[in-house]
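**Student:** below is the sequence, then the predicted model.
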Amino acid sequence: MPDTRTAMSTKVKSILISQPKPESGKSPYYDLGEKYGIKIEFRQFIQVEGVSRKDIQKQRVKPSDYSAVIFTSRNAIDHFFRICDEMKIKMPQDTKYFCISEAIALYLQKYIQYRKRKVIFGDGKIKALQALLLKHKKNEKFLLPCSNIRRADLPEFMEENEFDFRETCFYKTVASDLSDLKDVNYDMIVFFSPAGVKSLFKNFPDFKQNETRIAAFGLTTEKAVLDAGLRLDVKAPIPKAPSMTKAIELYLLDQKNSK
């Protein structure tokens, strides 16, 4: 990718973060804005919508028919138990819950008596979760609640290893209505998921990047930006910048030093 950073004629004076505005009113992005005199705004580009009980029933999925449930996000937990409630289903006491991380496992306390249930969790990485699942493969029937946008590595792994499992969409990630942003007139837009990039073009199909800098967090987001024909100006994580705020700061300093 060619280096286009020094070709910009305008300074970065405004940054749009494609995430919800922090409820606490505090954020490292605000700190960054204050330090460099930049206007920081937050706007959620995507939102989560639950799949209806009728749609789940049409797929002939009954949660209590499964002896083990796999959770990779809090959204999956929320919508799984929402469907259970709407179906008037109480999961059996001996159901096993496999979670990608301890934080996700602890979130289960919102819906179950944690200490009385079989909860197994990994270290936040897919490979660790896969290893745990292999240990419990025998005699288990797995349900994987997911979104319409999800990583394929886990279900592919389960298919390859001949698990008895069902993957079912319990919620959907959809584009937010951004029409009030008018022409998306910001010096930089920061993306954190491929869905956020898709939301930009769904709301503004004629969007032209021109001198708007695009920042992306994560390899899949970076790929989505490039696939959309956009110029990628800032990316994270990288060795010198494990966070997006640090990557943006390095970009700002580089721009300043290049003049």
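**Tutor:** Noted; the coordinates are in hand.
**Student:** use CA for all of it now, contacts and neighbours both
**Tutor:** Noted.
**Student:** could you measure from the most centrally placed residue in the chain over to Asp123?
**Tutor:** The centroid of the chain falls nearest to Ser193 when counting by CA atoms, centre = their mean (6.0 Å). Distance of Ser193 to Asp123, given as CA to CA, to the nearest Å: 22 Å.
**Student:** now swap in Gln93 and tell me
**Tutor:** Counting by CA to CA, the gap from Gln93 to Asp123 is 25 Å.
**Student:** Lys11 now?
**Tutor:** According to CA to CA, Lys11 and Asp123 sit 41 Å apart.
**Student:** helices along this protein, start to end?
**Tutor:** For the chain, applying DSSP state H gives helices covering 28-36, 53-58, 74-86, 102-107, 126-135, 153-160, 194-203, 219-227, 244-257.
**Student:** those helices: which one's closest to Arg43?
**Tutor:** The closest of the helices of the chain to Arg43 is helix 194-203. By CA to CA, the value is 10.6 Å.
**Student:** dihedrals phi and psi, the residue nearest to the centre of the chain?
**Tutor:** Taking degrees, to the nearest 10, you get phi -160, psi 160 for the backbone angles of Ser193.
**Student:** have a look at this structure and report its longest strand.
**Tutor:** Determined from DSSP state E, the single longest strand within the chain is strand 165-175.
**Student:** got a list of what Trp201 touches?
**Tutor:** Small correction: residue 201 is Phe, not Trp. When contacts are counted by CA atoms under 8 Å, 6 or more residues apart in numbering, Phe201 touches Phe207.
**Student:** how much space separates it from Asp78?
**Tutor:** Separation of Phe201 from Asp78 (CA to CA) stands at 29 Å.
**Student:** on that earlier part again, show me what the longest strand of the chain is packed against.
**Tutor:** When contacts are defined as 3 or more CA pairs under 8 Å, 6 or more residues apart in numbering; DSSP states H and E, strand 165-175 packs onto strand 46-50, helix 74-86, strand 142-147, helix 194-203.
**Student:** and the pLDDT for the residue nearest to the centre of the chain?
**Tutor:** pLDDT recorded at Ser193 is 92.
**Student:** pull the contacting residues for the nearest residue to it once chain neighbours are set aside.
**Tutor:** Nearest non-adjacent residue to Ser193, counting by CA to CA, 6 or more residues apart in numbering: Thr221, 4.8 Å away. Thr221 is in contact with Phe191, Phe192, Ser193, Pro194, Val197, counting by CA under 8 Å, 6+ apart.
**Student:** can the residues you listed go into TSV with extra columns for distance to Ile46?
**Tutor:** What follows is these, written out as TSV (distance: CA to CA, whole Å):
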residue	distance to Ile46
Phe191	11
Phe192	10
Ser193	9
Pro194	10
Val197	9
